[in-house]
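Asks: Quick check, what structure comes out for this input:
(one chain, ligands or ions: 1)
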Amino acid sequence: MTPRPRTGTLPRLGTLILALFITSVPGFASLLYTCDPTIGTTTCAAINGSSVSGIYSSIFTSSMSADIYITYGNTGVGQSSTPLTAISYSTYYNALAAHTDDPTALASLGSSGDPLGAQSDNTVSITPALANALSIHTSGANTAGIQADGATSCVLGNSGCYDGVITISNTAGAFYFPDSPTSPPPSAPPYQIDFYSVVEHETDEVLGTISCIGTRSSAAYDQCSPLGTNASPADLFRYSAAGVRSFLNAANGTSAYFSINGGVTDIADYNNSPNGQDYGDWLNLYPYLVQDGEASPDVTLDISTDVGTNGNAYPRPEVAVLNAIGYNQIVAPEPGTFGLLAAGFVSFAVFGKRLRGKL
Ligand SMILES: [Zn+2]
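Replies: Residues are numbered from 1 along each chain as shown. Here you go, the predicted structure:
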């Protein structure tokens, strides 16, 4: 009898060790940006590295995964486009309950039906990235994609099909490119905007921080569905006071804020006026935040270092929104999964970021 060659055992041992490693360490978020040639290879590498993608990977587990196309174009400071699929509230709630590592946020929703009540039609519009995170396959919610030219008929997984398309203003000299999220802005005029903070802002929207309240006209309307009053996942955490949710019927300039504990804690104030800014963006209060409705020149911003508004200094409000709606953080465990079925259809939304002050 001859001994088994060592070359036969080593690969198996290696496979075993690798398998143990994979099962004992949570994966990290994977945001892959495909850059239009106008973005340039250096900036594209920074976006896919420590300036943007690496930041999300340092905070979130592999529950977060998205392919995003990014380009320069004729727009406000930044704009994002992503398909939305309408699913039932119960489908969203049950998927969230099966996946979330944020029990406080989940408890604020409850299992007894859409907490927005008559303000909504029991329908939640979700992005493909969030549907993927929550294993919601209903109506192709996790595969509804968009092409670089804005066409929304593609299926994710196919070449040239993305979770979202980000367009950054092509205005010459509008941006500076900090070496790190803590690098200070240029010390002298012209005042410029942190390019990567705008990419993060639009990325958050592709992931699903958006509101279904639209601001195109002078009056608020539901932009997720012309046929009903769909809410976005983030809209389920929108309050005007403790225990009082705010949605379309209060989108009139009165205050609204994001909260994960039933409105008791105001984590950050939403824009709540039909002023052309996104309803899913924050009011521009100091200290400035990545998700402010208007870009603030001369300040370096990042979701990993943002602090909250209203004096309560709630840390990292964008991370809190992403966590509440269904993306898990590396520090928390992940429970099991299951899913339910519901009817739905795909709509489409465009969100933007406007300029604050001068370029
Ligand atoms: Zn926005």
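
Asks: and residue 193, what are its phi and psi?
Replies: Dihedral angles of residue 193 (phi, psi; degrees, to the nearest 10) stand at phi -100, psi 140.

Asks: what's the spacing between it and the ion?
Replies: Distance, residue 193 to the ion, by C-beta to the ion, to the nearest Å: 14 Å. Yep, even glycine has a C-beta here, placed from its N, CA and C like the rest.

Asks: Looks like that residue contacts residue 175 (just checking).
Replies: Yes. Because the distance of 5.3 Å satisfies C-beta atoms under 8 Å, residue 193 is recorded as touching residue 175.

Asks: Which residue of these two possesses the greater neighbour count?
Replies: residue 193 (28 against 24; other C-beta atoms under 10 Å).

Asks: From residue 320, how far out is the more buried one?
Replies: Here the criterion is C-beta to C-beta, to the nearest Å. By it, residue 193 lies 24 Å from residue 320.

Asks: what do you get for residue 211?
Replies: 15 Å.

Asks: So between the two, which is more surrounded?
Replies: Taking other C-beta under 10 Å, residue 211 and residue 320 do not tie; residue 211 has more neighbours (30 against 23).

Asks: Let me know whether that one touches residue 274 as I believe.
Replies: No. Applying C-beta under 8 Å as the test, residue 211 and residue 274 come out as separate, 12.0 Å apart.

Asks: Count the residues that sit near residue 27.
Replies: Counted with other C-beta under 10 Å, residues neighbouring residue 27 total 15.

Asks: Tell me who's in contact with it.
Replies: Neighbouring residues of residue 27 by C-beta atoms under 8 Å, 6 or more residues apart in numbering: 61, 62.

Asks: Which helix or strand contains residue 33?
Replies: If you go by DSSP states H and E, residue 33 is part of strand 30-35.

Asks: What residue in the stretch 151-300 of the chain comes nearest to the ion?
Replies: The ion sits closest to residue 278 of the stretch 151-300 of the chain, with a gap of 3.7 Å, by C-beta to the ion.

Asks: That residue: how many residues sit nearby?
Replies: 28.

Asks: Does it touch residue 294 like I think?
Replies: No. Taking contacts as C-beta under 8 Å, residue 278 lies outside contact range of residue 294: 10.1 Å.

Asks: any idea how far the closest residue to residue 136 other than its chain neighbours lies from the ion?
Replies: Excluding its sequence neighbours, the residue lying closest to residue 136 (C-beta to C-beta, 6 or more residues apart in numbering) is residue 95, at 5.0 Å. Per C-beta to the ion, residue 95 is found 25 Å from the ion.

Asks: Where does residue 95 sit: helix, strand or coil?
Replies: With DSSP: H, G, I helix; E, B strand; the rest coil as the basis, residue 95 sits in helix.

Asks: so how far is residue 134 from it?
Replies: In terms of C-beta to C-beta, residue 95 sits 4 Å off from residue 134.

Asks: Overlap of the contact sets of the two?
Replies: Common neighbours of residue 95 and residue 134 are listed as residue 326 (criterion: C-beta under 8 Å, 6+ apart).

Asks: Model confidence for residue 248, exactly?
Replies: Predicted confidence (pLDDT) for residue 248: 92.

Asks: Phi and psi next, for it.
Replies: According to degrees, to the nearest 10, residue 248 has phi -50, psi -40.

Asks: What number of neighbouring residues does it come out with?
Replies: Neighbour tally, residue 248, other C-beta under 10 Å: 21.

Asks: One more: residue 117?
Replies: 10.

Asks: same thing with the one 5 residues further on?
Replies: Counted by other C-beta under 10 Å, the residues lying close to residue 122 total 16.

Asks: what residues are up against it?
Replies: 88, 89, 90, 113, 114.

Asks: Ok, residue 181 next?
Replies: 51, 55, 196, 300, 302, 304, 305.

Asks: In the stretch 251-359 of the chain, where is pLDDT below threshold?
Replies: 308-313, 332-359 (pLDDT under 70).

Asks: Recalculate using a threshold of 90.
Replies: Counting by pLDDT under 90, the stretch 251-359 of the chain contains low-confidence residues at 275-276, 284-288, 296, 298, 305-315, 331-359.

Asks: what are the ranges of the strands in it?
Replies: Using DSSP state E, counting those that start in this stretch, the strands of the stretch 251-359 of the chain run over residues 256-258, 268-270, 294-295, 346-355.

Asks: Out of the contacts of residue 122, which sit inside helices?
Replies: 89, 90 (DSSP state H).

Asks: what does the stretch 201-350 of the chain have sitting close to the ion?
Replies: Contact residues (C-beta under 5 Å from the ion) of the stretch 201-350 of the chain with the ion: 278, 281.

Asks: mind redoing it with 6 Å?
Replies: Proximity of the stretch 201-350 of the chain to the ion, by C-beta under 6 Å from the ion, involves residues 201, 205, 278, 281.

Asks: Let me see the backbone angles for residue 55.
Replies: phi -70, psi -50.
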